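> Just the structure for this:
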Amino acid sequence: MSDLKKYILFIFLILGMSCELSAQSQNNVVTIKGTVKDNIGPVVGATIVAKNQPGLGIVSDIDGNFTIKVGTHDVLQISFIGYKTVEYPVLEIKDKNNFTVTMEEKNTQIDDVVVTASGIQKKRTLTGAITNVDVAQLNAPTGSLSNTLAGVVPGIIAMQSSGEPGENYSEFWIRGMSTFGAKSGALILVDGVERNFNEIPVEDIESFSVLKDASATAIYGQRGANGVVLITTKRGEKGKVKINIKTGFDWTTPVKVPEYADSYDWATLANEARIARYQTPLYTDEEIDIIKNGIDPDLYPDVDWRDLMLKKGAPRYYANINFSGGSDNVRFFVSGMYQNEQGRYRTSSSENRYNTNATYERYNYRANVDMNITKSTILKVSVGGWLVNRTSPSSGSGDIWQSFAEYTPLTSPRKWSTGQWTRVKGDATPEYKMTQTGYRTIWESKVESSVALDQDLHFITPGLKFSGTFAFDTYNNNTVIRSKNEEQWEAERRRDEYGNLILRRVQSASPMTQRKEISGDKRYYLQAYLDYSRLFANKHRVGAFAMVYQEETSNANFNDDDLIGSIPHRNLAYSGRVTYAYKDKYLAEFNCGYTGSENFERGKQFGFFPAYSVGWVLSEEKFVKKVLPWLSMFKVRASYGEVGNDVLDGRRFPYITLIGTYSDGSYGWGEFNTNVTPGYKISTVGTPNLTWEVAKKLDVGVDFDFFNGKVKGTVDYFLDKRDDIFMTRRHMPLTTGLADLTPMANVGKMKSRGWDGNIEFYQRIGEVDLTLRGNFTYQTTDIIDRDEAANELWYQMEKGFQLNQTRGFIALGLFKDQEDIDSSPKQDPGGFPVLPGDIKYKDVNGDGIINDDDKVPLGYRQQPGLQYGAGLSASWRNLNISFLLQGTGKCDFFVGGYGPHAFRDEDNGNILQVMVDGNRWIPKEVSGNPATENPNADWPRLTYGNNGNNNRTSTFWLKDRRYLRLRNVEISYDLPRTFCQKFAMTNMRIGFIGQNLLTWAPFGWWDPEGTNEMGSNYPINKSVSCYLQVSF
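Residues are numbered from 1 along each chain as shown. Sure, this is the predicted structure:
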């Protein structure tokens, strides 16, 4: 924590200096008289304040005039709803008696325009479902950009599954999962090219848009079937060189991990589990006393492996710098970033001579240069990328965290008291796996380059322009895995006559060996489009757009004999758009894509996918303006379209039947198969009639703006029907002879529907600007057809139920007594007789037997069906405060394995402290109290071994995954301008951020987000951070 203390001390030192210097400076009072206007005339009611002084604020009168007394070192701030806020240092105002302020409408701000495929479009005239995200809301202390989307972007459902450095990213879906085919993720385009966005610093991003419906994604062809994310990186602007520097420090700790019992509780409950099944106790009373008092740490240890091997927290450092500026002819944006993220593994230099901690080190770079070749021609050259160095234990983090759940505190000490490494029942300790088996190092590099030419063709006709882009990206991965072993020894569970350990070597030492893995890919991308936009007679706005793109991707990670894997992936598509707007009130749009794919045989490689959308801006109607003058903007829009998907189960050329060698290498002939002949057989049955998976998308939405921007938002209803989903046939007659070679076909059907939206409230109260935001995404799915055979047990079919819906038995509680068992349907004992305190299940089909025929759909999916966020931001003078609450709903998951299912593997596996302390069914022979044989207990009767009855997947172990999390809290302070000017700075900001600080959830055993059934993955982190941001 010493680094964190230094950062905080440094920041408070700067704050103290700024206050002292500000107090010492002369701030004489002057009077400023002026007028506020826009391009039409005076602005009435504009707010004029002295940004750095309390109580100094007025509003402009009916003629836009104002008079205000301020200090010479103050900053005059003028604001009004619907206009850009402007600031003027008083020292820079030359004519203080006739000062004119010209306000500009927010016609280029994030709230009023939307970035689409063809450029920037007014939100007022937009007919598609597109969300523009305020990039500032994505500024959070996390190593991956995808972790910032949950609760911020309506229409996106995201879930993080790991907090490991380099692996701490979120999986996300636009409007949820809408297909059970091979690909359900969104297309991500960075500067128009398909790229990974997790490694892009948010400081490099100019705009972030999410395209959700068919009218918005149709021009991307098959790539946009599941939605599109458009990211535009920053570019230079004309003006003097601007320099921005940001550096910060984070301290991360886990949100919540399972709490395991110590050796004494483990041994006590092991005895209880055996007594509960009428078995002899595992430990004698003497042994229990030895464990409780720590008398023999060799044979009866008590090791908290996570406390031994994990640090309480881990640091993350980052620094970003960028330069921008230029002239009329050349403009540039250049940036660089360094990030260093440390894992929580505790390693010792005295035990090994290499680093086995999970670390992640990344260098980013970017250079975007725009050159005016002529007055109408712009050449854009962009180069960006990153270098990554990652380390981890040789066995991998997954194995380490599995060991934490599996290796009990009583299994063995970290080392025998004689100094040897321990090994018990063929398994090494978590510490040995982490520190003594070697390490792996991963070097990754990515280079993203593009050249674009923008040509204004106004000399042909006004409003016509051309753009062409060529991009080349390359990615390389070099993984080195170095493995070794040290001697390991096992001890008998007794001592010799002299009290010494009885040891035997069970693992010999082995020298370090090395294995290298190399992979990578390269991508060529070519795109060209014509764009036309024109306004006729000040009424008719006409637009047209035509694009062609071609893409080729080659992978280097295939086997030497993998002919298909060595063939480059290629895509070709043509797309177009036609738009019309009458007085920007009545809107219509037609989009189409004619896209080709290599996955279909000749004659079927291209598909045509149209989309239509309309809109009506009711607020432009005269009767609406008269009746509802406060209705600044109200628009109703609708769209329908079809989009194709060609990613079919991840297979290449699935229409081709593949021939392979016979698995045994030959066919046998003759009476005793003595005549051997090499042979071949069909290994994969092709699907010659294969065609596109088609998404038919409907969207109906409303965009609104009340009281000149004080209340605004969007609400959408969406419906997505998928036909011809590519899947393995499930219902094939045996007479086809394809029992072992079930072919694939376009037979699946599915429906997805839901709502998404956002709302924002803005209010200025005195000198405080308040903004309240909220958003939500709700989505549900129904499987219509999955090629299932008819089943009289209709509830066991997937048809009619949700995608990936959990399934299992319905638990009716615990058996009260033997009479309850005898009068209930017969249950499979699962290796142990059913006794009072065991779980009782519902006989769904009424046949008197509990078996697999009684499994039914239960609850919700593991992925959230509901995700929402709510935030508040407030600014007062130079102080800014904001927070974001984010939550999920309509999601469940099963718990099981080590921990929840205590002693399922006998002496292998930890037990949860929540069970030790909780309301479990305890035999009166153990507790001495009949009341502990409680049929309403939260935990069933214990078993020492795998109880097939109690450990079944059922509602007893089904947990609610919903949660509400304080996702982000930020407090920042901009130092006074007078202080900044003394050091040639335009601004200096100091900030503190808290990430994932609080979580409220009905499930409290561990963090419910993105975890597995026993909470044994690298946990998601919470963090506190501070940063310093300086601009010149």
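
> And what about residue 808, helix, strand or coil?
Using DSSP: H, G, I helix; E, B strand; the rest coil, the structure places residue 808 in strand.

> ok, now which ones touch it?
By C-beta atoms under 8 Å, 6 or more residues apart in numbering, the contact set of residue 808 is 855, 856, 858, 894, 952, 953, 954, 955, 958. The C-beta positions use only the backbone N, C-alpha and C, and glycine is treated the same way.

> at 10 Å instead, please
Under the criterion of C-beta atoms under 10 Å, 6 or more residues apart in numbering, the neighbours of residue 808 are 841, 854-859, 894, 952-958.

> Please apply the same query to residue 935.
Contact criterion C-beta under 10 Å, 6+ apart gives 813, 814, 815, 816, 817, 820, 836, 837, 840, 921 as the residues in contact with residue 935.

> out of those residues, which are buried?
Buried members of the contacts of residue 935, scored by 16 or more other C-beta atoms under 10 Å, are 814, 815, 836, 837, 840, 921.

> Let me know the secondary structure of the third one.
When states are read from three-state DSSP, the local structure at residue 836 comes out as coil.

> Domain ranges for the chain, per the record?
Described in terms of automatic domain parsing, the domain architecture of the chain consists of the residue ranges 28-102, 263-301+810-854+902-950.

> Take those and lay them out in JSON lines including distance to residue 712.
As requested, the domains of the chain are arranged in JSON lines below (distance: least, C-beta to C-beta, whole Å):
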{"stretch": "domain 28-102", "distance to residue 712": "11"}
{"stretch": "domain 263-301+810-854+902-950", "distance to residue 712": "45"}
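
> which stretch among these comes nearest residue 536?
Relative to residue 536, the nearest member of these by C-beta to C-beta is domain 28-102, separated by 22.4 Å.

> Can you give me the first-to-last residue distance of the closest one?
Taking C-alpha to C-alpha, to the nearest Å, domain 28-102 runs 26 Å from one end to the other.

> ok, back up a step: show me the contacts of residue 935 that map onto strands.
813, 814, 840 (DSSP state E).

> Which elements pack onto the longest strand along the chain?
Of all the elements of type strand in the chain, the one with the most residues (DSSP E) is strand 510-536. Helices and strands touching strand 510-536, by 3 or more C-beta pairs under 10 Å, 6 or more residues apart in numbering; DSSP states H and E, are strand 119-122, strand 193-194, strand 438-456, strand 464-485, strand 540-555, strand 569-582.

> Export these to CSV and append columns for distance to residue 57, mean neighbour count and mean pLDDT.
Formatted as CSV, the helices and strands packed on strand 510-536 follow (distance: least, C-beta to C-beta, whole Å; neighbours: other C-beta atoms under 10 Å; pLDDT from 0 to 100):
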stretch, distance to residue 57, mean neighbour count, mean pLDDT
strand 119-122, 32, 15, 72
strand 193-194, 48, 20, 90
strand 438-456, 44, 18, 94
strand 464-485, 45, 17, 94
strand 540-555, 40, 17, 92
strand 569-582, 40, 18, 92
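
> By neighbours, which of the contacts of residue 808 wins?
Most neighbours among the contacts of residue 808, by other C-beta atoms under 10 Å: residue 841, with 25 neighbours.

> ok, that one to residue 934 distance?
Taking C-beta to C-beta, to the nearest Å as the measure, residue 841 falls 19 Å from residue 934.

> ok, now residue 629?
Using C-beta to C-beta, one gets 66 Å for the distance from residue 629 to residue 934.

> Compare these two and say which one has the larger neighbour count.
Here residue 629 and residue 934 are compared on neighbour count by other C-beta under 10 Å; more neighbours surround residue 934, at 16 against 10.

> tell me the secondary structure for the more buried one?
Criterion first, three-state DSSP; result for residue 934: coil.

> my read: it touches residue 814, true?
Yes: proximity of residue 934 to residue 814 meets the contact threshold set by C-beta atoms under 10 Å, at 7.9 Å.

> what touches both of the two?
Shared contacts of residue 934 and residue 814, defined by C-beta under 10 Å, 6+ apart, comprise 837, 921.

> who's in contact with the residue nearest to the spatial centre of the chain?
For the chain, residue 170 is the residue whose C-alpha lies nearest the centre (C-alpha atoms, centre = their mean; 2.1 Å). The neighbours of residue 170, taking C-beta under 10 Å, 6+ apart as the test, are 142, 144-150, 156-162, 198, 1009-1010, 1020.

> show me where the stretch 701-850 of the chain has helices.
Counting by DSSP state H, counting those that start in this stretch, the segments of the stretch 701-850 of the chain that form helices are 818-822.

> returning to that earlier point: kindly reformat the buried ones among the contacts of residue 935 as a markdown table containing distance to residue 618 and pLDDT.
Shown next, in a markdown table, are the buried ones among the contacts of residue 935 (distance: C-beta to C-beta, whole Å; pLDDT from 0 to 100):
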| residue | distance to residue 618 | pLDDT |
| --- | --- | --- |
| 814 | 60 | 96 |
| 815 | 64 | 96 |
| 836 | 68 | 95 |
| 837 | 65 | 95 |
| 840 | 59 | 96 |
| 921 | 63 | 95 |
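
> tell me which residues in stretch 527-535 are buried?
Residues of stretch 527-535 classed as buried: 527, 528, 529, 530, 531, 532, 533 (neighbour count, 16+ other C-beta under 10 Å).

> How about the contacts made by the residue lying closest to residue 89 once chain neighbours are set aside?
Here the nearest residue to residue 89 in space, its sequence neighbours aside, is residue 75; by C-beta to C-beta, 6 or more residues apart in numbering that works out to 5.3 Å. With C-beta under 10 Å, 6+ apart as the criterion, the residues that contact residue 75 are 49-53, 87-92, 877-878, 976-978.

> What ranges in the stretch 151-300 of the chain fall below the confidence cut-off?
Counting by pLDDT under 70, the stretch 151-300 of the chain shows low-confidence ranges at 182.

> where along it do the helices fall?
With DSSP H, counting those that start in this stretch applied, the stretch 151-300 of the chain shows helices at 214-217, 263-276, 285-293, listed in chain order.

> deepest of these, which one?
helix 214-217 (a mean of 30; mean count of other C-beta atoms under 10 Å).

> Can you verify my assumption that residue 124 contacts residue 587?
Yes: in this structure, residue 124 is within contact of residue 587 by C-beta under 10 Å, at 9.1 Å.

> between the ones in strands among the contacts of residue 935, which is closest to residue 35?
residue 813 (77.4 Å).

> can you pull the contacts of that closest one?
Contacts of residue 813 (C-beta under 10 Å, 6+ apart): 820, 839, 840, 841, 935, 936, 937, 940, 956.

> Likewise for residue 929?
Residue 929 makes contact with residue 922, according to C-beta under 10 Å, 6+ apart.

> quick one: it from residue 813, how far?
For residue 929, the distance to residue 813 under the criterion C-beta to C-beta works out to 20 Å.

> Put together TSV for the helices of the stretch 151-300 of the chain, with distance to residue 1028 on each row.
Conversion of those to TSV gives the following (distance: least, C-beta to C-beta, whole Å):
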stretch	distance to residue 1028
helix 214-217	39
helix 263-276	47
helix 285-293	52
